[in-house]
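J.: How does the following fold in three dimensions:
(2 chains)
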Amino acid sequence: MKNKKHWSRRGFLQSAGTLASVNALGIGAPALAAISAAANEANAANAAFVALGNDDAADFAAIAARIIPTTDTPGATEAGVIHFIDQAFAVEMRDAMDFALQGLQVINARLDGRFADLDTETQDALLRNIEQGELFGLLRSMTIFGFFSMSKYGGNANHIGWDLIGFEGHHGPWQYPFGYYDADVHGGNDNGQ
Amino acid sequence: MASKRQFSLKEPVDFVIVGSGSAGGILAKELSTAGFDVVVLEQGPYRHANDFVHDELAVVFRDELIGGGTKASGQTFRDDENKVAQSPMRQPARYAQNVGGASVHFTANFWRFREIDFKERSVLGAISGTNFADWPITYDELEPYYTKVDWEIGVSGAPGPNDAFRSKPFPLPPMPVKSSGVLMERGAKKLGLNVQVEPHAILSQPFNGRPACINCGYCMFFGCEVGAKSSTLAAMIPLAEASGNCEIRADSAVFRIATDKRGRASEVFYYDKDGMERSQKAKAVVVSANGAETARLLLMSASEQYPDGLANSSGFVGRNLMFNAHSAAQGVFTEQLNDYKGVQVTRIIHDFYESDPARGFYGGGGLDARPLWSATPILHALLGMPPDVPPWGAAFKDEMAHNFTRQMCLVGSTTSLALDRNNITLDPTNTDKWGRPSIRVTYRDHDDDLSMASFLQDRAMELFDAAGAQKTWRRPVLPSDGGEHLLGTCRMGDDPSSSVVNRDHRSHDIKNLFICDGSSFVTSGRGQPTMTIMALAFRAADRIKAAVAANAI
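T.: Coordinates of the predicted model:
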């Protein structure tokens, strides 16, 4: 059936990789992570992995850490994005995991050690070479999902992702004014406080 | 919570209504409170306000409210009838599947049409290659029903400079202006444009026992957790059930309307929650399943007697699909807007509503100021970044962190021309999770629609400049690959050879079969159709009641 064919791993990954180019008002997009809502709170830094082996998890975590790096503010590492990825792979993205692991093998086969052991400059150079590819598109999307989705999916630990961008989605409801430009209108202060 | 009233499947009820959304929910309330026995068959589940969560991953990306997306529906899309349609990641025709239908997850922008929308063909003349036509009804005929929508479901707003006549004021004051609205006003003032208040199907104050909006910001794509959004779930369904004459039968996916020997609609077949085949007998049937589902159901119901599908002697069932075209421009300002809080839109510009021959193409539309991609974090990261920023790394992270609270969007929404080539048909191979033939969408915007969308995007960029935006960008206007506005596929008209229903929403072919939803539209309006769908539903209910009184069904 056409439908099934389209939902093959390949089609899925292609779409995930090109997500960011969809038409302006086009959303919906990928039921990327048809991740079980039953996914747990295992986002403590040292929690065990459900689907991934420790070495593979370390490599994926290192890739996520280059996509949203730790700078003067926390990044994918501190948000526990790898646990989101792990839990997604454990459930309905098992096919995607096989693909991702194969891709990782190809990368590591060219290295002396593993991706996670490289210095960050070398990691970045390597990722720039594959940034147009399906594997990177998949991992970029998953990193973003893991950084910004609800903590119950395994990532965004302590709302690190939301705090970074100033999204207080776990608070609210809100009172006017919300920001700087409507403050005069509503006679309040800026930032909605 | 189960519906209180339960009807026997074998005894014909007065009305079966297929769909409980913007139109079906209103028809259910109107007909049941008038004393008729009504069974509403809704394919989605019965969700309540406290079922709605702030879960962007589940709602926006896992398609939880729309029934699981393409994977579950098998919908297909193509932009040309000569191509084989493919099943894309993103479902082409998008609508919530639950009691209340898409009125549950819509953004609640709530524009009335104007006089011109109903008679534009007469004013402008024919447009070659299109099915551009006048409506059989006028604004004046619909105005009492727009007012009824205002006062029955709860609408907040204030009139704009060029709005159509209204017989009563808005029942509720407008939602307070947000920073995006203030900035639109700032730009418009310099450019000499008129900004007006956005009307909302959202309560700015408590109304009819429902609470006011709490400004949580989760309107677009999400269900309202407090019932302040004036969905039919919040505003109409409770009244229908309280009448004691209405059963809302959720998890009931209709797959065929059967006709009797006289050719009248007699029984509606559906799959229940367990996938078991059931049927409900009825004296009359109202189809309000939306512009995609309604057309599919009529086509699926083809029989020996009606080989081309029900109500389809004209061949117009499924044709003239209209999505409204859209465009967007993004702007970042130096200070924080925090536009993710509160309703999406608070200010709009309707100066480009009318078609203007000087532009060189047909079309009209509106501009609105809203967060759009900066309403929720994942959308911001995936779609809200400027094109000059790398897609990963420290610069990507910094840009997200800086822009999210400082970013807004100016969205253009436009007319769509009715075309034969844009339609809903049955996919020849795919089926949905219930086993029904999947909806196949064939669609390519008319060039004029895309020109209008680009025109509005140009104006949006000028507005950003005039408002003092620090950084602006836009992406090219592309043809639609799907839509939430599902209009025109069973159009209303006086001529049975070029329309599916008459001006009273009765199908030309089958006397006791009524069709009322976005499919009834003759033209698309300027981009916010739900108010008109609801007004048509109130009017249709009156016309149906009158027909019963005249013993004419």
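
J.: Ramachandran coordinates for the residue lying closest to residue B:376 once chain neighbours are set aside?
T.: What sits nearest to residue B:376 in space, not counting adjacent residues and going by C-beta to C-beta, 6 or more residues apart in numbering or on different chains, is residue B:56, at 4.7 Å. C-betas here are computed from N, CA, C, even on glycine. Per-residue torsions, residue B:56: phi -60, psi -40 (degrees, to the nearest 10).

J.: and the gap between residue B:56 and residue A:173?
T.: Note on residue B:56: its distance to residue A:173, by C-beta to C-beta, to the nearest Å, is 17 Å.

J.: More neighbours: the two, which one.
T.: Neighbour count, other C-beta atoms under 10 Å in any protein chain shown: between residue B:56 and residue A:173, residue B:56 has more, with 22 against 13.

J.: how about the more buried one, what does it touch?
T.: A:148, A:149, A:150, B:376, B:377, B:378, B:379 (C-beta atoms under 8 Å, 6 or more residues apart in numbering or on different chains).

J.: which two in those residues are spaced the farthest apart?
T.: Spanning the widest gap among the contacts of residue B:56 are A:150 and B:379, at 14.6 Å by C-beta to C-beta.

J.: Need the contacts of residue B:56 in JSON lines (columns: pLDDT).
T.: JSON lines is the format used below for the contacts of residue B:56 (pLDDT from 0 to 100):
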{"residue": "A:148", "pLDDT": "98"}
{"residue": "A:149", "pLDDT": "96"}
{"residue": "A:150", "pLDDT": "95"}
{"residue": "B:376", "pLDDT": "96"}
{"residue": "B:377", "pLDDT": "97"}
{"residue": "B:378", "pLDDT": "98"}
{"residue": "B:379", "pLDDT": "97"}
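
J.: now these as a markdown table including distance to residue B:445?
T.: Formatted as a markdown table, the contacts of residue B:56 follow (distance: C-beta to C-beta, whole Å):
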| residue | distance to residue B:445 |
| --- | --- |
| A:148 | 32 |
| A:149 | 33 |
| A:150 | 36 |
| B:376 | 27 |
| B:377 | 30 |
| B:378 | 27 |
| B:379 | 23 |
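
J.: Take those residues and keep only those in helices.
T.: Those of those mapping onto helices are A:148, B:377, B:378, B:379, per DSSP state H.

J.: Confirm for me that the second one is in contact with residue B:404.
T.: I take that to be residue B:377. Yes. Residue B:377 lies in contact with residue B:404 (C-beta atoms under 8 Å); the separation is 7.1 Å.

J.: Need the residues touching each of the two.
T.: When contacts are counted by C-beta under 8 Å, 6+ apart, residue B:377 and residue B:404 are jointly contacted by A:165, A:167.

J.: okay, now residue B:497: neighbour count?
T.: Using other C-beta under 10 Å, residue B:497 has 10 other residues around it.

J.: Next up, phi/psi of the closest residue to it other than its chain neighbours, please.
T.: The shortest distance from residue B:497 to any non-neighbouring residue, by C-beta to C-beta, 6+ apart, is to residue B:314 (5.5 Å). Main-chain dihedrals, residue B:314, degrees, to the nearest 10: phi -80, psi -20.

J.: who are the neighbours in contact with residue B:314?
T.: Listed by C-beta under 8 Å, 6+ apart, the contact partners of residue B:314 are B:496, B:497, B:498, B:499, B:500, B:508.

J.: Which per-residue confidence value corresponds to the last one?
T.: This points to residue B:508. According to the prediction, residue B:508 has pLDDT 98.

J.: any idea how far the spatially closest residue to it that is not a sequence neighbour lies from residue B:422?
T.: Nearest non-adjacent residue to residue B:508, counting by C-beta to C-beta, 6+ apart: residue B:496, 3.8 Å away. According to C-beta to C-beta, residue B:496 and residue B:422 sit 22 Å apart.
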